[in-house]
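S.K.: Compute the structure for the input listed below.
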Amino acid sequence: MKNLKLKALALVAGAALSTSVLAEAEYTFKLHHMLPPVSNAQVNFLQPWADKVEAESNGRIHIDIYPAMQLGGKPPQLFDQTRKGIVDMSWTVGGYTPGRFPKATAFELPFMPLSARITSMAMQEYAETEMQDELKDVHLLTLHTHFPGSLHSRTKDIKKLEDLDGMKVRSPNKMMADALNILKANTVFMPVPSMPSALSKGVIDVTALPFEVVKPMKIHELAPHHTEFKGDRGFYTQFFIFSMNKKSYNKLPDDLKKVIDDNSGVPLAGFVGDVFDAYEIGARKDAVDNGNTFNTIEGAEYDRWKDTLTPVTEQWIEDMNDDGYDAERLLDKAKTLIEKYENF
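M.R.: Numbering: from 1, shown residues only. Predicted structure coming up:
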């Protein structure tokens, strides 16, 4: 446990060697993602990770990062861009391709997540032991989640279940779409980059997001009514896939594969989770400083939401079993791993 924590913490150190002593790059890789270059994901995760890999390879690996879909395509295509070798690496939202990673959706059920660090480490171990078939076409660097999300409304406060009735709500994934439908909302699915325009034009009234995304997309200026959840679990989370093209990885000599491997897996998931947890606090402050309103779902009302959305999990179990999975076992494993890393 101690060594794992040290590995995760070591990622924040960044590049330890100056560029003056780095060798000329033997391998240059393209890393593609959908968020702006000022986003938390790039500034505090992807760029430090790339710098650390370059430093530990003594400059033999260089990674160019292309944010905001600069290499073309749409966010739901990022995983396939990596799989096909159009890019060498990508970071993307797993839920952008519904049905592709069914085992992972156990973590997207309502009221499953704890902090991003805990849930990310649990999910990465789950992926390593349960999702090999779903991820066989790429070299997985890590899976992770964001901090449990909140609701952000452009028109009114959301204080109770009934307040979502009839509202147009952007859902981040299928599990939350099922939950929002139970709450009689009109669900809309769209990638993160489309949300500012959708809110400003009234295409959606509410979006489900962590504050970590609210800040760089300036959602708090368009949706000034925020609803947070306070209980034993967060409202929901979304999972992300950080992957590498198999041929790009396999062409590396063993010593450089080790550099990639040393910066992958559960330790990387823990590091990314820490980054997302920490950023959430500052990002929320931007909404506070903007004079926005905050509501908290807690106590009896929190229990109402949990009880009302229980059918989402029940239907997930039924659907997964119908598709040939042992849904109860997968769900129990996800919960057990979250508990494991809660005490890690």
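
S.K.: where does this protein have low pLDDT?
M.R.: 1-23 (pLDDT under 70).

S.K.: can you map out the helices along it?
M.R.: Along the chain, counting by DSSP state H, helices occupy 2-10, 40, 47-56, 78-84, 116-130, 174-182, 195-200, 211-217, 246-250, 254-262, 265-289, 299-322, 327-342.

S.K.: which secondary structure elements does the shortest one contact?
M.R.: In this case it means helix 40. Helix 40 is packed against helix 211-217, helix 265-289, with contacts defined by 3 or more C-beta pairs under 8 Å, 6 or more residues apart in numbering; DSSP states H and E. In this view, the C-beta of every residue, glycine as well, is placed from N, C-alpha and C.

S.K.: Quick one: the strands in the stretch 101-250 of the chain, in order.
M.R.: Using DSSP state E, counting those that start in this stretch, the strands of the stretch 101-250 of the chain run over 139-145, 150-153, 168-171, 186-189, 206-209, 225-229, 239-244.

S.K.: quick one: which of the ones you listed is nearest D88?
M.R.: Comparing the strands of the stretch 101-250 of the chain by their distance to D88 (C-beta to C-beta), the top pick is strand 239-244, with 6.4 Å.

S.K.: Parallel or antiparallel, list what pairs with the closest one.
M.R.: Note on strand 239-244: by DSSP bridges, its sheet partners are strand 89-93 (antiparallel), strand 139-145 (antiparallel).

S.K.: Same list, those strands, but as CSV with distance to R154 please.
M.R.: Below are the strands paired with strand 239-244 laid out as CSV (distance: least, C-beta to C-beta, whole Å):
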stretch, distance to R154
strand 89-93, 22
strand 139-145, 26
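
S.K.: Mind putting the ones you listed into CSV with mean neighbour count and distance to A122?
M.R.: As requested, the strands paired with strand 239-244 are exported to CSV (neighbours: other C-beta atoms under 10 Å; distance: least, C-beta to C-beta, whole Å):
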stretch, mean neighbour count, distance to A122
strand 89-93, 26, 18
strand 139-145, 26, 9
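
S.K.: how about the helices and strands packed on helix 40, which one is nearest A127?
M.R.: helix 265-289 (9.0 Å).

S.K.: quick one, that closest one and strand 89-93 angle?
M.R.: Angle, helix 265-289 to strand 89-93, by axes from the mean of the first three to the mean of the last three C-alpha atoms, to 10 degrees: 50 degrees.

S.K.: Show me the contact partners of helix 265-289.
M.R.: Contacts of helix 265-289 from elsewhere in the structure, counted by C-beta atoms under 8 Å, 6 or more residues apart in numbering, are 4-5, 7-9, 11-12, 40, 44-45, 49, 115-121, 123-125, 128, 141-147, 210-212, 214-215, 220, 224, 226, 242, 294.

S.K.: quick one, that helix and helix 47-56 angle?
M.R.: With the same axes, to 10 degrees as the basis, helix 265-289 and helix 47-56 are set at 140 degrees to each other.

S.K.: how about helix 265-289: buried residues?
M.R.: 265-280, 283-284, 286-287 (16 or more other C-beta atoms under 10 Å).

S.K.: Distance to S200 for the strands of the stretch 101-250 of the chain - can I get that in CSV?
M.R.: Conversion of those to CSV gives the following (distance: least, C-beta to C-beta, whole Å):
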stretch, distance to S200
strand 139-145, 28
strand 150-153, 13
strand 168-171, 13
strand 186-189, 14
strand 206-209, 12
strand 225-229, 15
strand 239-244, 26
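
S.K.: do you know which of those lies nearest Y302?
M.R.: With distances scored as C-beta to C-beta, the stretch of the strands of the stretch 101-250 of the chain nearest to Y302 is strand 225-229 (6.4 Å).

S.K.: Paired strands for that closest one, with orientation please.
M.R.: With DSSP bridges as the criterion, the sheet partners recorded for strand 225-229 are strand 150-153 (antiparallel), strand 293-297 (parallel).

S.K.: Tell me which of the helices and strands packed on helix 40 lies nearest to I86.
M.R.: helix 265-289 (23.3 Å).

S.K.: So among the contacts of helix 265-289, which ones count as buried?
M.R.: In the contacts of helix 265-289, the ones that pass as buried (16+ other C-beta under 10 Å) are 7-8, 11, 40, 44-45, 49, 115-121, 123-125, 141-147, 210-212, 214-215, 220, 224, 226, 242.

S.K.: Distance check, A68 against R117.
M.R.: 27 Å (C-beta to C-beta, to the nearest Å).

S.K.: now swap in D274 and tell me
M.R.: Distance, D274 to R117, by C-beta to C-beta: 5 Å.

S.K.: Also P193?
M.R.: For P193, the distance to R117 (C-beta to C-beta) stands at 26 Å.

S.K.: Q77 now?
M.R.: The value you get for Q77 to R117, if C-beta to C-beta is used, is 29 Å.

S.K.: ditto for E128
M.R.: Counting by C-beta to C-beta, the gap from E128 to R117 is 17 Å.

S.K.: so what's the residue nearest to M167 when sequence neighbours are not counted up against?
M.R.: The spatially closest residue to M167, leaving aside those adjacent along the chain, is D205, at 4.5 Å (C-beta to C-beta, 6 or more residues apart in numbering). Listed by C-beta under 8 Å, 6+ apart, the contact set of D205 reads 153-155, 167-169.
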